[in-house]
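Novice: need a structure here:
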Amino acid sequence: MEPDPYDSPRPGSKLGRAAKGGGRWLRRHPLGALQILLLILVLVVIAQNLEPTSIDLLFWTVAALPKLVLMLLSMVVGALFWEGLRRRWLKPGRRHGATPKDTSATSQTRP
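Specialist: The predicted structure follows:
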């Protein structure tokens with residue numbers, strides 16, 4: 001039986017030695033790696049949505065508006081609308097079943 005040439009120990013190359021510690025940065029900076037990944041995903045979404053489009057709003061027509069701008073505008077309008085609803089119906093004292101505090105007992109002073 002012949003010896004397998006791949007089982008014999010070989011001297012490591014400089015490239016192979018550098019790759020051994022290549023995962024150290026990822027282990028030390030997991031949030032940085034996640035931020036880089038999210039940045040790449042955002043750049044891909046931006047690149048895919050740069051083509052102009054037109055939109056009809058009742059009797060107005062907005063022409064040649066990039067899809068990205070349209071998406072950002074709709075998100076901002078939706079967030080403002082949601083915040084207005086939240087402030088109108090979920091007042092700070094009425095959240096999660098809390099009852100308004102009686103302030104008459106605490107505002108009295110002693111003679």
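Novice: switch to C-alpha atoms for all contacts and neighbour counts from now on
Specialist: Fine.
Novice: low pLDDT regions in the protein?
Specialist: The chain contains residues with pLDDT under 70 at 1-22, 91-111.
Novice: report the longest helix in it, please.
Specialist: helix 67-89 (DSSP state H).
Novice: pull out the buried positions in that helix.
Specialist: Of the residues in helix 67-89, 67-68 count as buried by neighbour count, 16 or more other CA atoms under 10 Å.
Novice: contact partners of it?
Specialist: Identification of contacts with helix 67-89 by CA atoms under 8 Å, 6 or more residues apart in numbering yields 46, 49-53.
Novice: can I get those in a markdown table including secondary structure and neighbour count?
Specialist: Shown next, in a markdown table, are the contacts of helix 67-89 (DSSP: H, G, I helix; E, B strand; the rest coil; neighbours: other CA atoms under 10 Å):
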| residue | secondary structure | neighbour count |
| --- | --- | --- |
| I46 | helix | 14 |
| N49 | coil | 15 |
| L50 | coil | 13 |
| E51 | coil | 12 |
| P52 | strand | 13 |
| T53 | strand | 14 |
